[in-house]
Every structure is written in structure tokens, then in C-alpha cells.
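> I would like to see how this sequence folds:
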Amino acid sequence: PPHPFPLPSLGDRPAAAAAYAAAEAKTAGAGQKLDARLALARLDMARGDWRGVRGELAAAGAIAAKGGDWERRNRLKVYGALARLATRDLEGAAAALVEAVPTFTATELCPYATLVLYAATTGAACLPRPALKESVVDSPEVRAVAAGDPALASFLDDLHGCDYAPFMAALATMADRVAADRLLAPHARHWARCVRSVAYSQFLEPYRAVTLDAMAAAFGVSPAFIDAELAD
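All right, here's what the predicted structure looks like:
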């Protein structure tokens with residue numbers, strides 16, 4: 001897929017840092033200072049330097065605490081969410097992403113549909129069921145994207161609606177997308193395990209006992225598959 005954080009033509013991080021520092025020193029406006037820090041954060045994202053990203057976002061947060069407009073503050077939230085996503089803080093990313101969906105303007109980072117994908121996938125893995133319904137399943141912005149994405153719609157609706165066989169089919173499609181995404185790919189196996197655990201726990205919660213055959217039938221898989229999954 002296209003690189004989500006296109007590299008500058010030279011990619012000279014030290015020279016870029018020096019140039020932005022000089023520019024920051026010559027401006028008194030918090031907005032321009034934030035822009036400089038976010039530009040450096042994007043450069044570090046392109047390089048995969050997430051420690052550097054965290055440093056730039058911490059500096060940007062200190063600037064935002066003293067000033068900066070609403071639009072730039074919202075962009076900063078998206079930068080922070082993607083940094084958490086890239087470093088496997090799925091729970092922190094989910095909380096930030098669902099908050100960012102209605103006010104997203106950071107199109108320099110990713111398309112809006114990709115942000116919704118991130119919010120849906122992390123939300124399904126981490127959010128409590130009532131919060132998932134309120135913030136993701138019933139979100140007008142998410143519903144608008146899901147209307148043109150049957151796999152995403154099935155993934156969310158069937159998980160929340162406890163219709164597990166079609167959910168498992170949709171999960172396979174979503175897992176392929178996660179594995180193809182630059183930020184999510186390193187965490188694809190962990191993410192899929194978290195989501196399946198949510199579904200299995202949700203299914204088992206009402207029962208004192210249930211047979212493997214009954215659970216396998218509900219999920220549309222073989223008893224041997226469920227046995228291996230639960231043992232794992």
C-alpha cells in the first residue's frame with residue numbers, strides 16, 4: 001500500500017530538525033510552533049522512529065498547553081493516537097481514536113476511512129461492549145464509512161449482535177486488512193487474538209457450562225479449532 005507518511009526528497013532528519021528549530025525560534029505564535037513539531041513527528045513516523053515521535057509530541061503537547069487553536073489540538077490528538085497504535089498500546093489508541101473520528105482533520109497522516117478502520121479495529125479489541133456500541137457501532141461517522149464496506153459493517157454489527165458465524169467470516173477479511181496496514185501489521189496476530197478473545201468471552205458469559213460442539217456450531221468452525229483456540 002502507499003506509504004502513509006511520505007518521506008521528504010532528502011530525508012535528512014538532523015538538517016530538518018535544525019531548520020525547524022530556527023523557524024520555531026523566529027515565531028511567537030503557538031500554532032506555527034505546533035506545526036513545526038508535528039512536521040518533525042511526521043518525519044520520525046516515516047523513519048519508524050517512534051521514540052522520536054513521542055518526544056516531538058510531548059514537546060507539541062507542552063506548546064498546546066500554552067496556546068494553539070482547536071484544529072491543531074485535534075490534529076495533535078490524532079498524532080498521539082497513531083503513535084499509541086504503532087507501539088501496541090491498543091487500549092490507549094482506541095480511546096483516542098474514537099474521540100478523533102468526529103473531528104478528524106489530520107489528512108496528512110491517513111485518509112478518513114483509514115482512521116475509521118483504526119477506530120473500529122482497536123475499539124472491538126479493547127472497548128467494553130456498551131462503549132463499543134455508543135462510540136463505534138452507533139457512531140454516525142463510522143456508519144457512513146461502513147455503509148460502503150460490508151466486511152467492516154458485519155465485523156462490528158455481528159460482534160455486538162452476538163451473531164458469531166458471520167462475525168468470524170468478517171474477522172478473516174479484517175485480519176487481512178490489518179496485516180496489510182503499515183501501522184497495524186506488526187501487531188496483527190496480537191490484535192486478532194484480542195478480538196477473538198472478546199468474542200469467545202462474550203459467548204461464554206451467559207453459560208455455566210457449554211459443550212465444544214455447541215460453541216463450534218455458533219462460531220461456524222470445527223470443535224477441534226475451538227478446542228485449540230481456547231486451550232491457547
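> now the helices for the protein?
13-25, 30-47, 50-66, 70-86, 90-100, 112-126, 129-132, 140-146, 150-160, 164-180, 188-204, 212-219, 223-231 (DSSP state H).
> Would you convert these into CSV that also reports mean neighbour count and mean pLDDT?
In short, each C-beta sits where N, CA and C put it, glycine included. Shown next, in CSV, are the helices of the chain (neighbours: other Cβ atoms under 10 Å; pLDDT from 0 to 100):
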stretch, mean neighbour count, mean pLDDT
helix 13-25, 13, 83
helix 30-47, 20, 89
helix 50-66, 17, 92
helix 70-86, 20, 93
helix 90-100, 22, 94
helix 112-126, 23, 96
helix 129-132, 15, 94
helix 140-146, 17, 96
helix 150-160, 20, 96
helix 164-180, 17, 96
helix 188-204, 16, 96
helix 212-219, 16, 96
helix 223-231, 13, 94
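> Go through those helices and name the closest to Ala106.
Distance to Ala106, taken as Cβ to Cβ, is lowest for helix 70-86 among those, at 4.1 Å.
> other SSEs contacting that closest one?
Contacts defined by 3 or more Cβ pairs under 8 Å, 6 or more residues apart in numbering; DSSP states H and E place helix 70-86 against helix 30-47, helix 50-66, helix 90-100, helix 112-126.
> Dump the longest one to PDB, keeping only the CA atoms.
Provided in PDB are the C-alpha atoms of helix 30-47 (Å, rounded to 0.1, in the frame of the first residue of the first chain):
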ATOM      1  CA  ALA A  30       1.800  28.700  19.200                       C
ATOM      2  CA  GLY A  31       0.100  27.500  16.100                       C
ATOM      3  CA  GLN A  32       3.300  27.800  13.900                       C
ATOM      4  CA  LYS A  33       5.400  26.200  16.700                       C
ATOM      5  CA  LEU A  34       2.900  23.300  16.800                       C
ATOM      6  CA  ASP A  35       3.100  22.900  13.000                       C
ATOM      7  CA  ALA A  36       6.900  22.600  13.200                       C
ATOM      8  CA  ARG A  37       6.700  19.900  15.900                       C
ATOM      9  CA  LEU A  38       4.100  17.900  14.000                       C
ATOM     10  CA  ALA A  39       6.200  18.100  10.800                       C
ATOM     11  CA  LEU A  40       9.100  16.600  12.700                       C
ATOM     12  CA  ALA A  41       6.800  14.000  14.200                       C
ATOM     13  CA  ARG A  42       5.700  13.000  10.600                       C
ATOM     14  CA  LEU A  43       9.400  12.700   9.600                       C
ATOM     15  CA  ASP A  44      10.000  10.400  12.500                       C
ATOM     16  CA  MET A  45       6.900   8.400  11.700                       C
ATOM     17  CA  ALA A  46       8.200   7.900   8.100                       C
ATOM     18  CA  ARG A  47      11.500   6.700   9.600                       C
END
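> Next, the angle helix 50-66 makes with it.
170 degrees (axes from the mean of the first three to the mean of the last three Cα atoms, to 10 degrees).
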